[in-house]
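Participant: What shape does this take:
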Amino acid sequence: MKYLLSLLMMLSFFSCKSERLKPPIDYTFKDEDIPLQESWNSEVTFSDSGKIKAILFAGHIQVFPQRNETIINDGVKVDFYDEDQIKTTTLTSKRGRVDDLTSDLYAIDSVVVFSDSLTVYTELIKWKNDDRKIVSDKFVTIISPTEKIQGYGFESDQSLKNYVIYNITYVTRRDTI
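Facilitator: As a prediction, this is how the structure comes out:
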């Protein structure tokens, strides 16, 4: 009986040999789908020759160097500064994207750009780094102290002092609004 019990124990020990299971590997992910860097509640200062040009505030930043782009989610705010480092304009949107090759910023969804005398509303605006221009080919609404203008296509310097609307659909004086 003693031998039988030990034989049964040995058999059960060898029969309980566990095989290691390999977890399944998901091959659908690509390197470009995974950000190289991420940050939350960030503040990024852009300067040139020691002078502040802009400050970006973002809820969530993801850097994808394989795609040469940076994705900004959970709120975008950019304060632009002039040569004297005085804040001239603020841009806000729900999300955005930066082309890392050109450093152009695309503000997307509920975009508002405002200065002390002008406010622009649209769904997509591009800030071009090379000439510091703000452009959009989407529907825009511009409100100034004297008028409200709506149309398609917009271009301005980043301080919103010199602007053009290309296809005006509506104009009214502010005292009639």
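Participant: Just want to check the distance between the nearest residue to residue 76 once chain neighbours are set aside and residue 21.
Facilitator: Distances taken as CB to CB, 6 or more residues apart in numbering place residue 96 nearest to residue 76, at 4.3 Å, with adjacent residues excluded. C-beta here means a position set from N, CA and C on the backbone, and glycine is covered the same way. Residue 96 sits 43 Å away from residue 21 when distances are taken as CB to CB, to the nearest Å.
Participant: neighbour-wise, which of these two wins?
Facilitator: residue 96 (27 against 6; other CB atoms under 10 Å).
Participant: is it true that the more buried one touches residue 104?
Facilitator: No: distance between residue 96 and residue 104: 10.6 Å, which falls outside the contact criterion (CB atoms under 8 Å).
Participant: Relative to residue 59, how far out is the residue nearest to residue 76?
Facilitator: When distances are taken as CB to CB, residue 96 and residue 59 turn out to be 11 Å apart.
Participant: what sits in contact with each of the two?
Facilitator: Applying CB atoms under 8 Å, 6 or more residues apart in numbering, one finds that residue 96 and residue 59 are jointly contacted by 72, 76.
Participant: before we move on, back to that, just after the helix or strand harbouring the residue nearest to residue 76, pick out the following helix or strand.
Facilitator: Taking DSSP states H and E as the criterion, residue 96 maps to strand 95-99. The first helix or strand that comes after strand 95-99 along the chain, using DSSP H and E, is strand 104-114.
Participant: next structured bit after that following strand?
Facilitator: Sequence order places strand 119-128 as the next helix or strand after strand 104-114, per DSSP H and E.
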